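# Sequence and predicted structure below; questions after.
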Amino acid sequence: ENSTSLLFLNLSNNLFSGHIPFRFSSTLIVLDLSNNFFDGSLTTQASIGAMMMNLQVLKLGTNQLVGEIPHNLFTTCGASFQELDLSWNLFWGTIPYTLGNCRSLEVLSLSRNKLSGNVPHELGMLTTLRSLILGDNNLIDLPYELRKLVSLVYLDVKRNKLSGSIPTFLGNMGEGALLEYVWLNGNNLTGVVEEWMFQKLSKLRYIDVSNNGLQGGLKPIMGGVGSLEYLILAHNRFTGGIPDNIGGLKGLKVLDVSNNELNGTISSELGSLESLSFFDAVHNNLSGPIPNMIGGRRAPSEETITPTLVPDYAGDCSPLRRWFPPDDLPDTDMDYESCARVWNRLMSGGFDQAVAAAGCTWPQEGPSYYSFVHLSHNMLSGSIPGQLPAATSSLFLDNNRLSGAVPESLYHLPLLHLSLSHNSLAGNLSAGLGNVSCLATLDLSANNFSGPIPAEMQNLVHLSALNLSFNPFLTGPIPAGGPFDS
């Protein structure tokens, strides 16, 4: 407390506990006490308020701080105050409206607390704000004034108690809006998504509105923003099919429409999306044929989310569970660094590289990234398409109405996971199965396959799960060697 020249104080990532004991110097410009076990409230920390005029960064995230966030803490925000992180604590009450005084703020993270009520309209005055991270609270409304946040790049309000339609300010941010990432998932949003709601967001790359109660068709969403790369619509009540205008989303890498009420067909335009590396439409009522060339044909870029702008999101791995096969992720949240690495692989298209069997690598001339196609539990009919992208590593087509033989081209893919169970597929099992050397799980059960199990399947030394049950026409001996010796 006697130091008059200390500018930076970083005590983060330690095991400090108890109340914050310091009477901080007013010369501090950076104070980082994050990732410790400090408790108590901020109402007794007068020294923090005293240094707000000079402070540029205040990081108290991932502690055990409690109580309301003092409104008077931000009445004297300095002109250089750029980052406030109070995430992953136990704060309750409302978000201080006085944060509107912090006109130079670029990063505001209040996620993972117990904050409630409306987001104050004064936050609309923070025109330099780039990241607004408010997820995992009990907030009920986003004000229309947020349309003024012209510098906003990341908006995270996931898992709150927002209700009604998609927030209208998103459709009124102006043509120059910089918004790229929007997380609205896990709320109580309802109604139909209309084209104007995202149409002006010309830089929008990522939308997650999953786990809400949104309705209507997908055509307005897919026609709204041509810049989209990640479109997450899972666990809603959308109807209809995958429309033709999806062909306009040329940069789309991830499409998740799983667990909806889709009851139409999949447009063949989906096959023209060269960057698409993840397509999940499980648990719908989609019908008709599967188009050719679903999935990515061009290696995705190595772009990643900037961790400093989303300080809490990468630490929560729960959304990843529906994007990886079962048991490939731990039951609990990973630490920040581990989950950030998985997210960055996901965002660059490397969905299965992290979970491939140890020591199993494809030839050097093989694909350097992988694609994921999950269409289980629909009413899709016809044959398995003969042209699937060369990077397909996870193919789930089980519980449909598919028929005919499995095309030989499928056995030339870098498959790690293959599930074709509960269809009406027929014909002999191909010796080509033995070529899929990195295969970890194979489920061909409940079909009409016939003939012997090919001896070449003994080459599948990385196979950990094999199900050939309920194929009444399979005959002959069980091969020896490889997975059959387990």
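Nice, thanks for sending it over. None of the values given here were measured: they were computed from a predicted structure. Residues are numbered from 1 along each chain as shown.

# which stretches of the stretch 51-200 of the chain form helices?
Secondary structure of the stretch 51-200 of the chain, counting by DSSP state H, counting those that start in this stretch: helices at 196-199.

# Kindly report the same for the stretch 201-350 of the chain.
With DSSP H, counting those that start in this stretch as the criterion, the stretch 201-350 of the chain has helices spanning 219-222, 336-347.

# Lowest average confidence across the ones you listed, which one?
Of all those, helix 336-347 carries the lowest average pLDDT, namely a mean of 55.

# Just after that helix, pick out the following helix or strand.
strand 371-374 (DSSP states H and E).

# Remind me what that next one packs against, helices and strands.
strand 278-280, strand 392-396 (3 or more CB pairs under 8 Å, 6 or more residues apart in numbering; DSSP states H and E). All C-beta spots, glycine's among them, are computed from the backbone N, C-alpha and C.

# what's the closest of the ones you listed to Val107?
Between Val107 and the helices and strands packed on strand 371-374, the tightest spacing by CB to CB is seen for strand 278-280, at 28.4 Å.

# Can you tell me which helices and strands the closest one packs against?
Secondary-structure packing of strand 278-280 (3+ CB pairs under 8 Å, 6+ apart): strand 254-256, strand 371-374.

# now for these, which one comes closest to Lys148?
Closest approach to Lys148 among these (CB to CB): strand 254-256, 29.9 Å.

# What is the closest one packed up against?
When contacts are defined as 3+ CB pairs under 8 Å, 6+ apart, strand 254-256 packs onto strand 230-232, strand 278-280.

# Mind checking the pLDDT average for that strand?
For strand 254-256, the mean per-residue pLDDT is 91.

# now stretch 75-95
Averaging pLDDT along stretch 75-95 yields 93.

# Could you check that stretch and say which residues are buried?
By neighbour count, and taking 16 or more other CB atoms under 10 Å as the criterion, the buried residues in stretch 75-95 are 77-78, 81-89, 91, 95.

# could you dump it to PDB, C-alpha only?
What follows is stretch 75-95, C-alpha atoms only, in PDB (Å, rounded to 0.1, in the frame of the first residue of the first chain):
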ATOM      1  CA  THR A  75     -19.000   6.500 -11.300                       C
ATOM      2  CA  THR A  76     -15.400   7.700 -11.800                       C
ATOM      3  CA  CYS A  77     -14.200   5.500 -14.700                       C
ATOM      4  CA  GLY A  78     -11.100   6.800 -16.200                       C
ATOM      5  CA  ALA A  79     -10.700   7.600 -19.900                       C
ATOM      6  CA  SER A  80      -8.400   4.600 -20.400                       C
ATOM      7  CA  PHE A  81     -10.400   1.900 -18.600                       C
ATOM      8  CA  GLN A  82     -10.500  -0.900 -21.300                       C
ATOM      9  CA  GLU A  83     -11.300  -4.300 -19.700                       C
ATOM     10  CA  LEU A  84     -13.400  -5.500 -16.800                       C
ATOM     11  CA  ASP A  85     -13.700  -9.200 -16.000                       C
ATOM     12  CA  LEU A  86     -15.800 -10.200 -13.000                       C
ATOM     13  CA  SER A  87     -16.800 -13.600 -14.500                       C
ATOM     14  CA  TRP A  88     -17.100 -16.900 -12.700                       C
ATOM     15  CA  ASN A  89     -18.000 -15.500  -9.300                       C
ATOM     16  CA  LEU A  90     -21.100 -15.400  -7.200                       C
ATOM     17  CA  PHE A  91     -22.300 -11.900  -7.700                       C
ATOM     18  CA  TRP A  92     -26.000 -11.300  -7.600                       C
ATOM     19  CA  GLY A  93     -28.400  -8.300  -8.200                       C
ATOM     20  CA  THR A  94     -28.500  -6.200 -11.300                       C
ATOM     21  CA  ILE A  95     -25.700  -5.000 -13.700                       C
END
